[in-house]
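Colleague: quick one: sequence and predicted model below, then my questions.
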Amino acid sequence: AWYVAGTLVTGTNNGPRFVVPQSLTIVKVWLIVRTAPTSAAILIDINKNGSTIWSTQASRATIAAAASAGNTTTFDTTALTAGDYLDLDIDQVGSSVAGVDLTVVLECSQP
């Protein structure tokens, strides 16, 4: 899980970088904020070894405007191997009001 404290701003490499400890398969991404964004959604991107797991950008994980949670099970890359590293980018934070205190959970299973 990643946690980004405070009012969200766009940027790359938010929160810690994680190293994958063993072979895993990405199943779902969960997102939640304490303060919902307004006028636009929160959009995030997760990068495996520097490349997005969503080559189709419309499939990225989102929290809709005025909502405090979201999730997705749609990915273009699902396979993780030991030693891969994962980073979180925040691509959009809302419009009138940015989301606050974001938690992102990457749910995986063992193949």
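Modeller: Cool, the structure landed.
Colleague: got the buried residues for stretch 36-47?
Modeller: 36-37, 40-47 (16 or more other Cβ atoms under 10 Å). For every residue, glycine as well, the C-beta is placed using N, CA and C.
Colleague: now those as JSON lines including distance to A5?
Modeller: What follows is these, written out as JSON lines (distance: Cβ to Cβ, whole Å):
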{"residue": "A36", "distance to A5": "16"}
{"residue": "P37", "distance to A5": "16"}
{"residue": "A40", "distance to A5": "21"}
{"residue": "A41", "distance to A5": "20"}
{"residue": "I42", "distance to A5": "15"}
{"residue": "L43", "distance to A5": "19"}
{"residue": "I44", "distance to A5": "15"}
{"residue": "D45", "distance to A5": "19"}
{"residue": "I46", "distance to A5": "19"}
{"residue": "N47", "distance to A5": "21"}
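Colleague: what two of those are the furthest from one another?
Modeller: A36 and N47 (25.2 Å; Cβ to Cβ).
Colleague: just the element for D45, please.
Modeller: strand 42-48 (DSSP states H and E).
Colleague: apart from its neighbours in sequence, what residue is nearest T52?
Modeller: Distance criterion Cβ to Cβ, 6 or more residues apart in numbering; nearest residue to T52, sequence neighbours excluded, is D45 at 5.3 Å.
Colleague: just V93 next, same as before
Modeller: L8 (4.0 Å).
Colleague: note down every partner strand of the strand holding D45 and its orientation.
Modeller: Here strand 42-48 has these sheet partners by DSSP bridges: strand 51-52 (antiparallel), strand 62-63 (antiparallel), strand 85-93 (antiparallel).
Colleague: which one of those strands lies closest to S23?
Modeller: Checking the strands paired with strand 42-48 against S23 by Cβ to Cβ gives strand 85-93 as the closest, at 14.0 Å.
Colleague: what mean pLDDT does that closest one have?
Modeller: The average pLDDT within strand 85-93 is 97.
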